[in-house]
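Undergrad: below are the sequence and a predicted model for it; my questions follow.
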Amino acid sequence: QEIRQDRAWLSETSVNRNTVLQHIKERIQQNKWDLTPVINGTGAVIHTNLGRSVFSREILEEVIEIATSYTNLEFSLETGKRGPRVDSVIRLLRSLTGAEEAVIVNNNAAAVVLSLAALAPQKEVVISRGELVEIGGSFRIPDIIETSGAKLKEVGTTNRTKLKDYQAAISEETSVLLKVHTSNYQIVGFTESTQTADLAKLAKKEGLILIEDIGSGVLTEFSYPQLNSDPLIPQVIKDGADVVTISGDKLLGGPQAGIIIGKKQYLDQIKSHPLYRAFRCDKLTMLLLEKTLLTYLRNEQRQKIPTQRMLNEGSSIVKTRAEKILEVLPPEAFTIIPCESTPGGGSLPGKKIPSWGILVKKEGKTEQQILDFLRSCNPPLIARIQEGQVLIDCRTVLPHQISLLQNILQEFI
């Protein structure tokens, strides 16, 4: 078919050397594999468009041996009979969060849909208007609630929702109080929201279930105080949330997964729902999640999980990396300047941490032309524009990509 298309193009087009070369270039671009490694020079650590959290090479090496063999995925080595699906992940989450039980599905949206479908079928779900969020890909909380079969009941206003608003909305049809963390935007100024502990007391008093979707989710504090604005997962459990949903591939730094933790009586209902089988994870995801959680148990997350390393790394270390990148290049060709990185990925909106970057400029080239050139390299380098200049934020340049970045910059000059 492609040959026929090319013949038709040749017969219908005024052909010269330039048009043929351009046609060949377009054909090469069309036939590239869709997924390819890139160098992230944007400074957004959890970059949604670049695959969110980067896997640990060390963890992947551990997983290869298990993934290329048969495993005891749903088999008890003690009894010789069928067992829980990767029970070790459940035990790890119990230890790390203080939750009674855990369920793993393929992403956090699925975690919310499944929880509501199991716990509030055809029942009211009360939620603040200020928490009716939209996440990437135009997925909206109201749509998720509708898809689950529950009924949305909004309370409060966009910027202020008080405990009495929830109290006034409760009826015989109410099953769940839903609290959604606004992890991808901020409302500032004249604002008020109801705390988890207060909602938990209300839910218990009224015989309701409190579900909290904390989105990104973090187990331990960061070295940068400004990043410690989100509640820690164990604290949300301690404050009384009955069910908590979390993303595996954001601040946690693991694979894409939806983690549901909470009280056993509700998690058992979730596990018994027919949708659970449709949403559950494959063995690779479970293996990667298990190894990721083990690093937290051993307090090794800042050393072994790239997302955690980058979000906690001191700016002086980033500056040293920038200097190492330029040590093989002419000193007058590039400039190192201070800049700021962001967590990204719909996590910790508005928060920034100090970083260092490399300015890339060339006489006669516009910023867009430079970005286009860097993106056309092998591997592609994705940079950003800061104050009208192209910048490579070195916080998100991975250690094993330093020599590749040096080659690209050498080619550029």
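TA: That came through fine.

Undergrad: what ranges of the chain fall below the confidence cut-off?
TA: 1-3, 5-6, 9-10, 12-14, 27-33, 85-86, 136-138, 183-185 (pLDDT under 70).

Undergrad: and it, what are its domain boundaries?
TA: Listed by automatic domain parsing, the domain ranges of the chain are 27-52+308-412, 57-304.

Undergrad: off-centre distance for the longest one?
TA: In other words, domain 57-304. 13 Å (C-alpha atoms, centre = their mean, to the nearest Å).

Undergrad: which non-adjacent residue is nearest Ala117?
TA: Sequence neighbours aside, Ser148 is the residue nearest to Ala117 in space, at 4.3 Å (criterion: C-beta to C-beta, 6 or more residues apart in numbering). From N, CA and C alone the C-beta is placed, and that goes for glycine too.

Undergrad: just to check, the one you found is in contact with Ala110?
TA: No. Under the criterion of C-beta atoms under 8 Å, Ser148 makes no contact with Ala110, lying 10.4 Å away.

Undergrad: what is the neighbour count of Ile24?
TA: 10 (other C-beta atoms under 10 Å).

Undergrad: and it, what are its phi and psi?
TA: Dihedral pair for Ile24: phi -60, psi -40, per degrees, to the nearest 10.

Undergrad: if we can go back for a sec, and the domains of the chain as a markdown table, adding distance to Val15?
TA: Output for the domains of the chain, formatted as a markdown table (distance: least, C-beta to C-beta, whole Å):
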| stretch | distance to Val15 |
| --- | --- |
| domain 27-52+308-412 | 15 |
| domain 57-304 | 42 |
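
Undergrad: switch these over to a markdown table; also include distance to Arg4 and mean neighbour count.
TA: Compiled in a markdown table, the domains of the chain are given as follows (distance: least, C-beta to C-beta, whole Å; neighbours: other C-beta atoms under 10 Å):
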| stretch | distance to Arg4 | mean neighbour count |
| --- | --- | --- |
| domain 27-52+308-412 | 14 | 17 |
| domain 57-304 | 36 | 18 |
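
Undergrad: which among the ones you listed is found nearest to Thr19?
TA: Closest to Thr19 of the domains of the chain is domain 27-52+308-412 (C-beta to C-beta; 12.6 Å).

Undergrad: how distant is the closest one from the center of its chain?
TA: 19 Å.

Undergrad: can you confirm Ile358 is in a helix?
TA: No. Going by DSSP: H, G, I helix; E, B strand; the rest coil, the assignment for Ile358 is strand, not a helix.

Undergrad: mind checking the SS state of the nearest residue to it once chain neighbours are set aside?
TA: In space, and not counting its chain neighbours, Ile358 is closest to Ile392: 4.5 Å by C-beta to C-beta, 6+ apart. Per three-state DSSP, the local secondary structure of Ile392 is strand.

Undergrad: Ile392 touches Ile382, doesn't it?
TA: No. Using C-beta under 8 Å, Ile392 is not in contact with Ile382, being 9.2 Å away.

Undergrad: mind listing the shared neighbours of the two?
TA: Gly41 (C-beta atoms under 8 Å, 6 or more residues apart in numbering).

Undergrad: who are the contact partners of the residue sitting nearest the centre point of the chain?
TA: The residue lying closest to the centre of the chain (C-alpha atoms, centre = their mean) is Lys250, at 2.9 Å. Lys250 makes contact with Ile46, Arg52, Ser53, Ser183, Gly215, Ser216, Gly217, Thr307, Gly345, Gly346, Ser347, according to C-beta under 8 Å, 6+ apart.

Undergrad: now, which of the residues you listed sits nearest Pro399?
TA: Closest to Pro399 out of these is Thr307 (14.1 Å), distances taken as C-beta to C-beta.

Undergrad: so after the one helix or strand that closest one maps to, what's the next helix or strand?
TA: Assigned by DSSP states H and E, Thr307 falls within helix 306-312. Later in the chain than helix 306-312, the nearest helix or strand by DSSP H and E is helix 315-326.

Undergrad: now for that next one, which elements pack on it?
TA: Packing partners of helix 315-326 (3 or more C-beta pairs under 8 Å, 6 or more residues apart in numbering; DSSP states H and E): strand 335-341, strand 353-360, helix 402-412.

Undergrad: now do the last one and strand 353-360, the angle between them.
TA: This points to helix 402-412. 40 degrees (axes from the mean of the first three to the mean of the last three C-alpha atoms, to 10 degrees).

Undergrad: list the contacts of helix 402-412.
TA: 39, 41, 321, 324-326, 328-329, 333-334, 358, 360, 362, 370, 373-374, 377, 379, 381, 392, 397.
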